[in-house]
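In: Starting from these lines, generate the structure:
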Amino acid sequence: MKKQPKIFDSLSELHKAMGQPKPSHPLIGILNYGEAVFDPKDYEQGIILNFYKISFKTHFSGKLRYGHGFYDFEEGGMSFISPGQILRMQDEEADYSGMSLHIHPDFIRPYSLNTKIKQYGFFGYSAAEALYLSESEKETILGVFHSIQKELNERIDGFSQDVILSQIELLLNYSNRFYNRQFLTRKAINHDVISKLEILLEDYFNTEKTIENGLPTVQFIANELQLSPRYLSDLLRNSNGQNTQQFIHDKLIEKAKEYIATGTLSISEIAYKLGFEHPQSFNKLFKKKTSLTPVAFQESFHKN
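Out: Modelled structure (predicted):
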């Protein structure tokens, strides 16, 4: 029988599995990797945490390949996991130092953070899309972790939850800022991704794939580029202000205009060729993007 991922419903369960004492608060805690005792082979099928996990790895290096070289990051980095996601435990994870902040949804449920935390796209990124930190950024993040740890260790009173919630929001806001910085400093790499995306869509619209599979989905495009959907959309948004769906639609409209310009296909035939089941859906999108119906565009084009 195939092994299933190990599910952890509580922080206490996780701390016990990692050979650590129970957390001082049942709904929030910090686990230090250097103190954890576990065999990664026990979790080869992965683990599922039913709480948020914000990891800060202080001494690990990741390699991002670009062209014939690598970009090396030696100052550590961060990764973010939402409740219910599968986390793969790799052998090398036992070798890095750092810490993880675990937050049970019940800790933030009565507060606005319960809604706001879902708006941070990086909780949907894959492990390969981690946030890599500079030395100064590392010190900033480490300082917030230590503030949370100090609050948990020294006192739990009527003010504790509000203080810790403010520290969590500060941590998330810093992470958001540093991810935006990372998109900016990776312009060359991001440009390469966008070029691959343009080629991918051009090939998709120029072949029978639209007829066979319909319109290209964000999930399909992300899979082809080996990126998570959220990371790809955030990358595009930081580069040109569009998410992936908007980018796909713009390329689709460009192709539609090409077909209309030739005058060899009817509007219905163009809609079908581009992957639409119903011409009305194509007409609606075309008008939304150009302020003209396909027929009006066709007429204006031939007038010119």
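
In: To which secondary structure element is the nearest residue to Glu137 once chain neighbours are set aside assigned?
Out: Of all residues not flanking Glu137 in the chain, Phe178 sits nearest, at 5.2 Å (Cβ to Cβ, 6 or more residues apart in numbering). C-beta here means a position set from N, CA and C on the backbone, and glycine is covered the same way. Assigned by DSSP states H and E, Phe178 falls within helix 160-185.

In: mind listing what's buried in that helix?
Out: Buried residues in helix 160-185, counting neighbours by 16 or more other Cβ atoms under 10 Å, are found at 161, 164-165, 167-172, 174-175, 178-179, 182-183.

In: which stretches of the chain form helices?
Out: Counting by DSSP state H, one finds helices in the chain at the ranges 11-17, 105-108, 113-116, 135-154, 160-185, 187-206, 209-213, 218-225, 229-240, 244-262, 267-273, 279-290, 294-303.

In: Can you get me the centre-to-centre distance for the third one and its chain?
Out: When you say that, I think you mean helix 113-116. Counting by Cα atoms, centre = their mean, to the nearest Å, helix 113-116 is centred 17 Å from the centre of its parent chain.

In: neighbouring contacts of it?
Out: Helix 113-116 is contacted from outside by 105, 108, 165, 168-169, 172, using Cβ atoms under 8 Å, 6 or more residues apart in numbering.

In: tell me which residues in it are buried?
Out: Leu113.

In: nearest to Ser97, of the helices of the chain?
Out: Closest to Ser97 of the helices of the chain is helix 135-154 (Cβ to Cβ; 11.5 Å).

In: Next, count neighbours for Glu198.
Out: 12 (other Cβ atoms under 10 Å).

In: from memory it sits against Ile248, does it?
Out: No: Glu198 lies out of contact with Ile248 (Cβ atoms under 8 Å); the separation is 10.9 Å.

In: pLDDT score for the most centrally placed residue in the chain?
Out: Geometric centre of the chain, nearest residue: Tyr125, 2.6 Å, by Cα atoms, centre = their mean. Tyr125 carries a pLDDT value of 89.

In: Lovely, talk soon.
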